[in-house]
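Undergrad: Need a 3D model of the following:
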Amino acid sequence: MDGAQAHHLIHVLRSGIGQLVTLFDGEGFEAAAEVIEIKNGAVELEIVEVSAINTELPFELVLAAAVPKGDRFAWLIEKATELGIRRFIPLITSRSVVNPGEGKLDKMRRTIVEASKQCRRTRLMEFSAPLAWSDFVSRELRTRELSAMSAWVAHPSGAPLEFNNEPQPGQTVIAVGPEGGFTDAELDLAVHAGARLISLGPRVLRIETAALALAAAFTVCR
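TA: As a prediction, this is how the structure comes out:
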């Protein structure tokens, strides 16, 4: 092991020769490994035991959201990882303020790794390339089997949000727009594709607050 992960193991966790550490591959497997050698900023480890660990939700939850400004985006990605979101899609809408460049997207991918280590999630949350709203609707809603999925779009005119502790079958897609809201045309596009509008209450929420509140309603107690 070298690079940033080796640096973290040596200088942050202060692991020494003979110490057991836990590794994961991002695809559902976890391994106990012993530190054999530390040299020139690299760490040699010997795998002791490998286990398949399942900490995922019993259904596939996809979160699509407009991109918040600054560090709020990283905070959103971190918490979405902890909540068990299977895939995150950054949205570009008519009223979006932020269109993330490749540098910011790379930072978000690193955030997913760090958040997964913290919450002991062995499967990395997938991070899709940014999608324009029309592309999102056509790829994620219209091309899916609606009988095997449910799609929800956050909007004040929607039905009130209710907790439901029964596991949802198939795939659930939830979408949150920018702080300026979706346009009427964007809402019509989603509704005609089979999505339902859902309200998060009378207060105007920031992107990350709305996204995590909606995600938590589907993931709590799962």
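Undergrad: If you count neighbours, what's buried in the lengthiest helix in the chain?
TA: Residue-count comparison of every helix in the chain, with assignments taken from DSSP state H, identifies helix 102-119 as the longest. Buried residues in helix 102-119, counting neighbours by 16 or more other CB atoms under 10 Å, are found at 105, 108, 111-113, 115-116. The way it works is simple: take the backbone N, C-alpha and C, and place the C-beta from them, glycine included.
Undergrad: quick one: that helix to chain centroid distance?
TA: Relative to its parent chain, helix 102-119 has a centroid offset of 10 Å by CA atoms, centre = their mean, to the nearest Å.
Undergrad: from the chain's centre, how far out does whichever helix or strand comes after that helix sit?
TA: Where DSSP states H and E defines the elements, the next helix or strand beyond helix 102-119 is strand 126-127. Relative to the chain's own centre, strand 126-127 is displaced by 7 Å; criterion: CA atoms, centre = their mean.
Undergrad: thinking again about what came up before, could you redo the buried residues of helix 102-119 as CSV and give each row pLDDT and distance to residue 217?
TA: Formatted as CSV, the entries for the buried residues of helix 102-119 read as follows, by pLDDT from 0 to 100; distance: CB to CB, whole Å:
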residue, pLDDT, distance to residue 217
105, 93, 27
108, 96, 23
111, 96, 23
112, 96, 22
113, 93, 26
115, 95, 20
116, 95, 22
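Undergrad: In TSV: these, plus distance to residue 203.
TA: Formatted as TSV, the entries for the buried residues of helix 102-119 read as follows, by distance: CB to CB, whole Å:
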residue	distance to residue 203
105	30
108	27
111	27
112	29
113	33
115	27
116	31
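Undergrad: ok, these vs residue 204, which is closest?
TA: Within these, proximity to residue 204 (CB to CB) peaks at residue 108, which comes in at 24.9 Å.
Undergrad: Please enumerate the strands of this protein.
TA: With DSSP state E, the ranges of strands along the chain come out as 20-24, 29-39, 42-52, 60-66, 87-92, 126-127, 131-132, 149-160, 171-176, 196-199.
Undergrad: so how far is stretch 98-106 off the chain centroid?
TA: Stretch 98-106 sits 16 Å away from the centroid of its parent chain (CA atoms, centre = their mean).
Undergrad: Next: stretch 69-89.
TA: For stretch 69-89, the separation from the chain centroid amounts to 5 Å (computed by CA atoms, centre = their mean).
Undergrad: can you count the residues close to the residue lying closest to residue 37 once chain neighbours are set aside?
TA: With sequence-adjacent residues excluded and distances taken as CB to CB, 6 or more residues apart in numbering, residue 37 is closest to residue 44, at 4.2 Å. The burial count assigned to residue 44 is 14, neighbours taken as other CB atoms under 10 Å.
Undergrad: In the helix or strand bottoming out on mean pLDDT in the chain, which residues are buried?
TA: Here the helix or strand of the chain ranked lowest by mean pLDDT, DSSP states H and E is helix 3-7, holding a mean of 85. Counting neighbours by 16+ other CB under 10 Å, one finds that the buried residues in helix 3-7 are residue 6.
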